[in-house]
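**Student:** can you look at this prediction? I've put the sequence above it.
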Amino acid sequence: MTEHLFTPQNRSVDGVTSIALDDANVYFASAGSIHRITFADGAETTFFAATAPFPIVRSIVVDSTNAYWIQQDDAIVKMPLSGGPVTRLFEWGPFALFPTSIAQQGSDLFVADSGGGYSWSDDGQISGRGSILKLSTVAPGTPEVLAASLPFPTSIAVAADGVYFGGGQIQQSVRKWAPVQRVGSNHAVAMSTPRPSCPT
């Protein structure tokens, strides 16, 4: 069973690119804006509207006090759910090439960085420049790289036992990163990895 929540009545809504929830609302990103719908009455309001240059919102998460999202200029920003200024938390620069998806747990953000590219080896294996990053919202600084050299990770979710991430058409798989209690400390394992066809 599905329930219809909202139909846009204005041009400020142009498709839905990302959705996040708190206890009372659903937030959705549409191009350069974020909208909020209350569960109680279905009322829709514009939570955030970008000004030029047009920073498209790629992915959004919320906690009890703030919304966090990735902008088209590869920055992660935050804004209080109660309203207020937008604060730029991270300027990617050398840390990431093309962050596409964000997840949140406690005071940490987890980001899938697609890396912006990939390559094929002679035996048909894919290698990439993608990575999974962990960032603190309390003490922003240099991100921690949890996994690197990944082939185009584009989506991410986090649970108590690890970080789950997946790729798109290039690497059609779901993988899990988890800390391990041995030398080497961290690893990422494939949960389902259909091998893609090598282009001729």
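**Tutor:** The structure has been received and is ready for your questions.
**Student:** in contact with the closest residue to Val138 other than its chain neighbours, which residues?
**Tutor:** Setting aside the residues directly before and after it, Val138 is nearest to Ser107 in space (C-beta to C-beta, 6 or more residues apart in numbering), at 4.7 Å. Backbone N, C-alpha and C define where each C-beta goes, glycine included. Shown in contact with Ser107 (C-beta atoms under 8 Å, 6 or more residues apart in numbering): Ser136, Thr137, Val138.
**Student:** I figured His35 hits Ala49, correct?
**Tutor:** No. Between His35 and Ala49 there is no contact under C-beta atoms under 8 Å: 9.3 Å.
**Student:** so between those two, which is more surrounded?
**Tutor:** Using other C-beta atoms under 10 Å, the more surrounded residue of His35 and Ala49 is His35, with 21 against 11.
**Student:** domain-wise, how is the protein divided?
**Tutor:** With domains defined by automatic domain parsing, the chain comprises 1-91, 101-200.
**Student:** switch the ones you listed over to CSV; also include mean pLDDT.
**Tutor:** Compiled in CSV, those are given as follows (pLDDT from 0 to 100):
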stretch, mean pLDDT
domain 1-91, 85
domain 101-200, 73
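**Student:** what about Pro179, how many residues close to it?
**Tutor:** By other C-beta under 10 Å, neighbour count at Pro179 equals 11.
**Student:** any idea how far it is from Thr65?
**Tutor:** Using C-beta to C-beta, to the nearest Å, we find Pro179 at a distance of 27 Å from Thr65.
**Student:** tell me which element the residue most central in space within the chain is part of?
**Tutor:** For the chain, the residue nearest the mean C-alpha position is Ser101 (1.7 Å; C-alpha atoms, centre = their mean). Assigned by DSSP states H and E, Ser101 belongs to strand 99-105.
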